[in-house]
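[1] sequence first, predicted coordinates after that:
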There are 2 protein chains.
Amino acid sequence: MDHTSLPTEPATSRTTAPRLRRLSLYEVVAERLREMVLEGELPPGSRISEKRLCESFEVSRTPLREALKVLANEGLVELLPNRGAKVTEVDPQAVADLFEVMAELEGLSGRLLAERADETAIAEVRELHERMLDHYRRQERQDYFALNQRLHRRLTEIAGNGVLLELESSLTVKVTRARYAANLQLGRWEESAREHAEILEALEARDAVALSRTMRDHMRRTGEAVLQGLGVNGSPDKK
Amino acid sequence: MDHTSLPTEPATSRTTAPRLRRLSLYEVVAERLREMVLEGELPPGSRISEKRLCESFEVSRTPLREALKVLANEGLVELLPNRGAKVTEVDPQAVADLFEVMAELEGLSGRLLAERADETAIAEVRELHERMLDHYRRQERQDYFALNQRLHRRLTEIAGNGVLLELESSLTVKVTRARYAANLQLGRWEESAREHAEILEALEARDAVALSRTMRDHMRRTGEAVLQGLGVNGSPDKK
DNA sequence: ATTCTGCATTTTGAATTCAAAATACACGAA
DNA sequence: TTCGTGTATTTTGAATTCAAAATGCAGAAT
């Protein structure tokens, strides 16, 4: 092989002077792979050729394989015995199940929030909400979505249950993937913004029941929208 | 180095004739490691020396490191940058958080069960319950515990939400660890058996509200018992 | 005595090498 | 022609090797 057996820089930016980098190679690879799967650059069901990916990333197979193990645990790829890896399919039933669970967890999050959010936290959430509304009015889709993720994450942080936070983070990865797969440009903006307003209201009132319900329902409706985007007809009977 | 550079068998049993084995080496290693962590053979907080483990397992570092990545995702070990791995501590707050989430998920499971369990499934659960009672009467701790795990898993299977099932499986690993750490020999047997009876009753009545509540509360009480075993005083205020 | 510096040793991170399994393909028999 | 069988090629699984980072320690300077 070649790639000039210099102790070459890992092909990152050159301009940053002191190079603060920490971060194992497999983490970088995992991050990039995750992106590729989420955005459909690696389409669902496609086989992953280790060799090709190694070449395109310019890394050896060791860190790539380690990264694949991480992605497998996240459910983004499947590891087949002696036959490599493939990108997992987006099964509508699994997506429905996912949102069912997420909705329940959001409900828990709401209940905890009502108990544990102090004035500072509420003010912070309110501010995030206002900024989202700005993006909404300007129809800045990317920014809106990014803030949306951040708001939801922040809410769970404030809820103060570390396990819940981790869980929601990892499930959010799958939600995001389902969203992409559904190509959700969503005319749900308006509805969603209204629901956020309700959530904020319940939070300010510290009404545990209302907060739990609104957050849960918000997630349910998001799920319904995503499933519609996946071409699932409304009837929610199993199998 | 030595260990006799023959193409030696991977040091598994010799007697089995046809060698049916499937299963990558890293999976075997992960399985064994998991056991060691769960049962405290590798105590919480202890550093893991790759070299020593490799020698004791008689495998090279590659599969061991892959296994460590898996365990890290399960939250059983922590990977430090350039400084190896250590077994995660059992933080009582994290355990409390864990049971808070598990209880909520059990509640969801119960609600779904009431909708989706058919006669056959209920009969099956009833039978498992009876067998548990037998073990209880005979004070067969191991068998009781094993069946307990199986019963709970089966219930979630019947609930029919794949994401929920996966989630509970992975969280159950942590629950088990907390249990061991608490050295829960439990005089909770009797109470637990009674709660199981209630659950079965609600299931047979297909009472969603009752089933959801009993399952949730059962998990909560288990959590309380474990936390007690960890030496946590009752007061449930944070931080 | 204490702290700092530089070197030796150990341990981890990643590339490479080697072996085993799976796949593709060509040839021959029915 | 079609179906098997055997062989070559490719791809994966795991061990080994090499390089970089961290750790431990001895000696010097204050």
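    Cool, the structure landed.
[2] shouldn't residue A:70 be in contact with residue A:28?
    No. At 11.5 Å, residue A:70 does not count as touching residue A:28 under the criterion of CB atoms under 8 Å. In short, each C-beta sits where N, CA and C put it, glycine included.
[3] more neighbours: these two, which one.
    Regarding residue A:70 and residue A:28, a neighbour count based on other CB atoms under 10 Å in any protein chain shown identifies residue A:70 as having more, with 21 against 18.
[4] give me every residue that touches the closest residue to the more buried one other than its chain neighbours.
    Nearest non-adjacent residue to residue A:70, counting by CB to CB, 6 or more residues apart in numbering or on different chains: residue A:30, 4.7 Å away. Applying CB atoms under 8 Å, 6 or more residues apart in numbering or on different chains, we find residue A:30 in contact with A:66-67, A:70-71.
[5] residue A:224: neighbour count?
    Applying other CB under 10 Å, we find 16 residues neighbouring residue A:224.
[6] quick one, grab the pLDDT at it.
    Listed pLDDT for residue A:224 reads 95.
[7] so it is in which element?
    For residue A:224, the element it lies in under DSSP states H and E is helix A:208-229.
[8] and that helix, what does it pack onto?
    With contacts taken as 3 or more CB pairs under 8 Å, 6 or more residues apart in numbering or on different chains; DSSP states H and E, helix A:208-229 sits against helix A:92-116, helix A:162-182, helix A:189-204.
[9] which strand or helix spans the residue nearest to residue A:70?
    For residue A:30, the element it lies in under DSSP H and E is helix A:25-38.
[10] quick one: distance of that helix to the chain centre.
    On the basis of CA atoms, centre = their mean, to the nearest Å, helix A:25-38 sits 14 Å off its chain's mean C-alpha point.
[11] try stretch A:90-100
    Using CA atoms, centre = their mean, the offset of stretch A:90-100 from its chain centre is 14 Å.
[12] with stretch A:55-63 instead?
    Relative to the centre of its chain, stretch A:55-63 is centred 25 Å away, using CA atoms, centre = their mean.
[13] do any residues in that stretch lie close to DNA strand C?
    Yes. Using CB under 7 Å from any atom of the strand, we find that stretch A:55-63 touches DNA strand C at A:59-63.
[14] from these, which land in strands?
    In strands, defined here by DSSP state E, there are no members of those.
[15] would you agree residue A:68 is in contact with residue A:48?
    Yes. Taking CB under 8 Å as the definition, residue A:68 is a contact partner of residue A:48 at 7.4 Å.
[16] shared neighbours of those two, which are they?
    Common neighbours of residue A:68 and residue A:48 (CB under 8 Å, 6+ apart) are A:77, A:85.
[17] okay, the two: which has more neighbours?
    Of the pair residue A:68 and residue A:48, residue A:68 is the one with more neighbours under other CB under 10 Å, namely 26 against 20.
[18] how about that one, what does it touch?
    Residue A:68 is in contact with A:33, A:48, A:77, A:79, A:85, counting by CB under 8 Å, 6+ apart.
[19] excluding covalently adjacent residues, which one is nearest to residue A:173?
    In this structure, residue A:173 finds its nearest non-sequential neighbour in residue A:74, 5.9 Å apart by CB to CB, 6+ apart.
[20] tell me the phi and psi of the one you found?
    Note on residue A:74: its backbone torsions stand at phi -80, psi -10 [degrees, to the nearest 10].
[21] how far away is it from residue B:216?
    Using CB to CB, to the nearest Å, residue A:74 is found at 28 Å from residue B:216.
[22] cool, residue A:69 as well?
    From residue A:69 to residue B:216 the distance is 34 Å (CB to CB).
[23] before we move on, what about residue A:192?
    To residue B:216, residue A:192 is 30 Å away according to CB to CB.
[24] do residue A:230 as well
    Between residue A:230 and residue B:216 the computed distance is 31 Å (CB to CB).
[25] for residue A:222, same thing?
    25 Å.
[26] those two: which is more packed in?
    Shown here are residue A:222 and residue B:216; by other CB under 10 Å, residue A:222 has more neighbours (24 against 20).
[27] for residue A:176, which residues are in contact?
    A:38, A:149.
[28] now residue A:40, what's its secondary structure?
    Look at residue A:40: counting by DSSP: H, G, I helix; E, B strand; the rest coil, its state is coil.
[29] so how far does stretch A:72-84 reach from one end to the other?
    End-to-end distance for stretch A:72-84, by CA to CA, to the nearest Å: 12 Å.
[30] so which residues on chain A come close to chain B?
    When proximity is defined by CB under 8 Å from any CB of the partner chain, chain A lies next to chain B at A:22-24, A:26, A:62, A:65-66, A:69-70, A:73-75, A:81, A:93-94, A:97-98, A:100-101, A:104-105, A:107-108, A:112, A:116, A:160-164, A:166-167, A:171, A:238.
[31] if any of those residues are buried, put those into a ChimeraX selection.
    The following ChimeraX line selects those of those that are buried, judged by 16 or more other CB atoms under 10 Å in any protein chain shown:
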select /A:26,65,66,69,70,73,74,75,94,97,98,100,101,104,105,107,108,112,160,161,162,163,164,167,171
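[32] pLDDT below threshold where in chain A?
    By pLDDT under 70, the weakly predicted segments of chain A are A:1-22, A:184-187, A:233-239.
[33] kindly recompute the last result at 80.
    A:1-22, A:183-187, A:232-239 (pLDDT under 80).
[34] residues near the closest residue to DNA strand D within it, how many?
    Residue of chain A nearest DNA strand D, by CB to the nearest atom of the strand: residue A:84 (2.9 Å). Residues near residue A:84, counting by other CB under 10 Å, number 15.
[35] what does residue A:85 give?
    Look at residue A:85: counted by other CB under 10 Å, it has 23 neighbours.
[36] same deal with residue A:202?
    Residue A:202: 21 neighbours (other CB under 10 Å).
[37] quick one: it and residue A:217 touch, right?
    No. Assessed by CB under 8 Å, residue A:202 is found out of contact with residue A:217, at 11.1 Å.
[38] what's in contact with the helix or strand containing residue A:130?
    Residue A:130 belongs to helix A:119-137 when assigned by DSSP H and E. For helix A:119-137, contacts defined as CB under 8 Å, 6+ apart pick out A:117, A:143-144, A:147-148, A:150-151, A:154-155, A:158, A:189, A:193, A:196-197, A:200, A:203-204.
[39] check which residues of it are buried.
    For helix A:119-137, a neighbour-count test (16+ other CB under 10 Å) marks A:121-122, A:125, A:128-129, A:132, A:135-136 as buried.
[40] for residue A:147, give me its contacts.
    Neighbour list for residue A:147: A:128, A:131-132, A:135 [criterion: CB under 8 Å, 6+ apart].
[41] for those residues, which one is nearest residue A:209?
    For the contacts of residue A:147, the minimum distance to residue A:209 (CB to CB) is 23.3 Å, reached by residue A:128.
[42] quick one: that closest one and residue A:150, what's the gap?
    Per CB to CB, residue A:128 is found 7 Å from residue A:150.
[43] sec struct for the residue lying closest to residue A:47 once chain neighbours are set aside, please.
    Nearest in space to residue A:47, with sequence neighbours left out and distances taken as CB to CB, 6+ apart, is residue A:86 at 5.0 Å. Under three-state DSSP, residue A:86 falls in the strand class.
[44] good, wrapping up.
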